[in-house]
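Visitor: next input, structure requested:
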Amino acid sequence: MFIGEYQHNLDAKGRIIIPARLRDELGDKMYVTLGLDNNLLIYTAKQFEQQAQEMLKLPSTNKFVRQYVATFAGRAQEAEIDNQGRILINSKLIESAGLVKKCVIVGKIDHVELWDADRWDQYYNDAADSIEETAEKLTEYLR
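Guide: Residues are numbered from 1 along each chain as shown. All right, here's what the predicted structure looks like:
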């Protein structure tokens, strides 16, 4: 299970350290793709495959399905952790997520997210400000 928040800098070559606590569970090979909140999603190989299998069940005749699959898979990349605990992220994904230098790696239970630090702070603060209302709206799903 992925939990926690970790601050790391993206270097000039597009590499970022994956915290040791997350590395073991992510494994040797992982996948990075664009998220829904101007962030990046990092999946284990198994989780990425599960997501892909779910997408194959959707009707390819639906324009929204095609668009979603294109953004999820089109720029997705396979990543491996180097000897210094870093992964290399391609420039298109960095640009799409608006990553500059200061980043936050967030455990989201079944996957990991990579955020620009300022964008993450804003997102988290907005979510925290409405946590009671959100919990109330999600009550039927949380049981």
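Visitor: so who does the most centrally placed residue in the chain touch?
Guide: Within the chain, one residue has its C-alpha closest to the average C-alpha position: by C-alpha atoms, centre = their mean, that is residue 41, at 1.6 Å. Residue 41 makes contacts with 32, 33, 34, 35, 111, 112, 113, 114, as judged by C-beta atoms under 8 Å, 6 or more residues apart in numbering. Heads up, the C-betas are built off the backbone N, CA and C, glycines and all.
Visitor: at 6 Å instead, please
Guide: For residue 41, the set of contacting residues under the criterion of C-beta atoms under 6 Å, 6 or more residues apart in numbering consists of 33, 35, 111, 113.
Visitor: the last one and residue 136, how far apart?
Guide: What that stands for is residue 113. Per C-beta to C-beta, to the nearest Å, residue 113 is found 25 Å from residue 136.
Visitor: compare neighbour counts for those two and give me the winner.
Guide: Set side by side, residue 113 and residue 136 show more neighbours around residue 113, with 20 against 9, by other C-beta atoms under 10 Å.
Visitor: pretty sure the more buried one sits against residue 37.
Guide: No. The pair formed by residue 113 and residue 37 falls short of the contact definition of C-beta atoms under 6 Å, at 8.1 Å.
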